[in-house]
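In: here is my input, please return the structure:
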Amino acid sequence: MPSDETPRLGFIGLGLMGRPMAHNLLKAGFPLTVYSRSPAPVEELAAAGAHAARSPREVAAADVVITMLPDAPDVEAVLFGPNGVMEAARPGLIVIDMSTVSPVATRRMAARLGEAGVAMLDAPVSGGTVGAEAGMLSIMVGGDEATFERCRPIFETLGKRITYMGPSGAGQLTKACNQIMTAGIYAVMSEALVLAAKGGLDPAKVVEVLSSGAARCWALEVRAPKLLRRDLAPGFKASLQYKDLNIVAEAARALGVPMPVTGVVRELYHAMIVAGDGDLDNSALITVLERLAGTEVRAQGGSHGA
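Out: Purely as a prediction, here's the structure:
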């Protein structure tokens, strides 16, 4: 990547997270080439000034290629598959994978890229679509530290907290820890609100009380009010949360770490997917507990949440 000029960026994956992230890079003045299997977001970014690529191979003309995809097989396909990035990659190219994937898969891909002189950073994010749209994501990065520093201006365009965590895979392992906490908080928040509703309390008032004490957390302040309005549209899909918890399970097995609580939470998300609700928000885990308890959580009367 040239050190004396604005790097040319390529962006692969324009879903709920990738699309607003790509827009923020364009607004910041980065020359941007985009690719997605879905034509609509490509056309939208092209109208905003990006160059539309017809394949991941075309994206490899950039100095830095960013991927934001559902899982490791998707990343491997765009990097190493037919018409993939590596068909046109040259030594010095940097790949930043901002997807959430297995640390094991990340290290495997980084080693394969390294054989061709291509550097790889794993840089998963937290903050959901709200954070992506506002450029306020939390970004945790693994890989070569000097490469990370060269890419810092890119990360600072996309996030508010950028932390170098260590060698390849360290970013993904940090994200796994984040997903343990996120899923667990949604599970216990769901139990608390279902108990409140079944006991005749106004869940909106319960949220107000809990948000002012030791239980205060982002989930209560941001997601609980949406649940009370029965707004279950995804900021981050439950199916992806389940995928991430499977990554956690893989990492835990590899490191010999028992995960009894997370194992139960993972099965609750599995139940949600089996029920056909995998495209709902990950906070909609509450619907599983509602079905078990035979009740529904929503604000009473004129209350609309915290």
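In: wait, what's in contact with residue 169?
Out: Going by CB atoms under 8 Å, 6 or more residues apart in numbering, residue 169 touches 103-104, 106-107, 110, 122, 142. C-betas here are computed from N, CA, C, even on glycine.
In: quick check, nearest of the residues you listed to residue 235?
Out: residue 122 (22.3 Å; CB to CB).
In: how deep is the closest one tucked in, by neighbour count?
Out: 32 (other CB atoms under 10 Å).
In: for it, give me phi and psi.
Out: The phi and psi values for residue 122, taken as degrees, to the nearest 10, are phi -100, psi 120.
In: go on, residue 236?
Out: Per-residue torsions, residue 236: phi -150, psi 120 (degrees, to the nearest 10).
In: that older thread, now render the contacts of residue 169 as JSON lines, adding pLDDT, secondary structure and distance to residue 250.
Out: Below are the contacts of residue 169 laid out as JSON lines (pLDDT from 0 to 100; DSSP: H, G, I helix; E, B strand; the rest coil; distance: CB to CB, whole Å):
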{"residue": "103", "pLDDT": "95", "secondary structure": "helix", "distance to residue 250": "8"}
{"residue": "104", "pLDDT": "93", "secondary structure": "helix", "distance to residue 250": "7"}
{"residue": "106", "pLDDT": "97", "secondary structure": "helix", "distance to residue 250": "12"}
{"residue": "107", "pLDDT": "96", "secondary structure": "helix", "distance to residue 250": "13"}
{"residue": "110", "pLDDT": "98", "secondary structure": "helix", "distance to residue 250": "17"}
{"residue": "122", "pLDDT": "98", "secondary structure": "strand", "distance to residue 250": "15"}
{"residue": "142", "pLDDT": "98", "secondary structure": "strand", "distance to residue 250": "16"}
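In: who wins on neighbours among those residues?
Out: That'd be residue 122 among the contacts of residue 169, by other CB under 10 Å, with 32 neighbours.
In: residues in contact with that one?
Out: By CB under 8 Å, 6+ apart, the residues touching residue 122 are 97, 101, 103, 106, 110, 141-143, 168-172.
In: CSV for the residues you listed, including distance to residue 117?
Out: Formatted as CSV, the contacts of residue 122 follow (distance: CB to CB, whole Å):
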residue, distance to residue 117
97, 17
101, 22
103, 23
106, 18
110, 12
141, 20
142, 19
143, 15
168, 15
169, 20
170, 22
171, 21
172, 22
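In: and which of those is nearest to residue 76?
Out: For the contacts of residue 122, the minimum distance to residue 76 (CB to CB) is 9.1 Å, reached by residue 101.
In: how would you label the closest one: helix, strand or coil?
Out: At residue 101 the chain is in coil, as set by DSSP: H, G, I helix; E, B strand; the rest coil.
In: ranges for the strands of the protein?
Out: Counting by DSSP state E, the chain has strands at residues 9-12, 32-35, 51-52, 64-67, 94-97, 119-122, 125-126, 137-142, 159-166.
In: which strands or helices does the fifth one pack on?
Out: Spelled out, that is strand 94-97. strand 64-67, helix 103-114, strand 119-122 (3 or more CB pairs under 8 Å, 6 or more residues apart in numbering; DSSP states H and E).
In: please redo it, this time with the cut-off set to 7 Å
Out: Contact here means 3 or more CB pairs under 7 Å, 6 or more residues apart in numbering; DSSP states H and E; on that basis strand 94-97 packs against strand 64-67, strand 119-122.
In: who wins for proximity to residue 153 among those?
Out: When the helices and strands packed on strand 94-97 are compared by CB to CB, strand 64-67 sits nearest residue 153, at 10.4 Å.
In: tell me the pLDDT at the closest residue to residue 116 other than its chain neighbours?
Out: In this structure, residue 116 finds its nearest non-sequential neighbour in residue 89, 6.1 Å apart by CB to CB, 6 or more residues apart in numbering. Turning to residue 89, the model gives it a pLDDT of 96.
In: which stretches of the protein have low pLDDT?
Out: For the chain, residues meeting the criterion pLDDT under 70 lie at 1-4, 302-306.
In: so where do the helices sit in the stretch 201-306 of the chain?
Out: Taking DSSP state H, counting those that start in this stretch, the helices of the stretch 201-306 of the chain run over residues 203-210, 218, 224-228, 238-255, 260-274, 286-293.
In: mind listing what's buried along the fourth one?
Out: By neighbour count on 16 or more other CB atoms under 10 Å, the buried set for helix 238-255 is 238-245, 247-248, 251-252.
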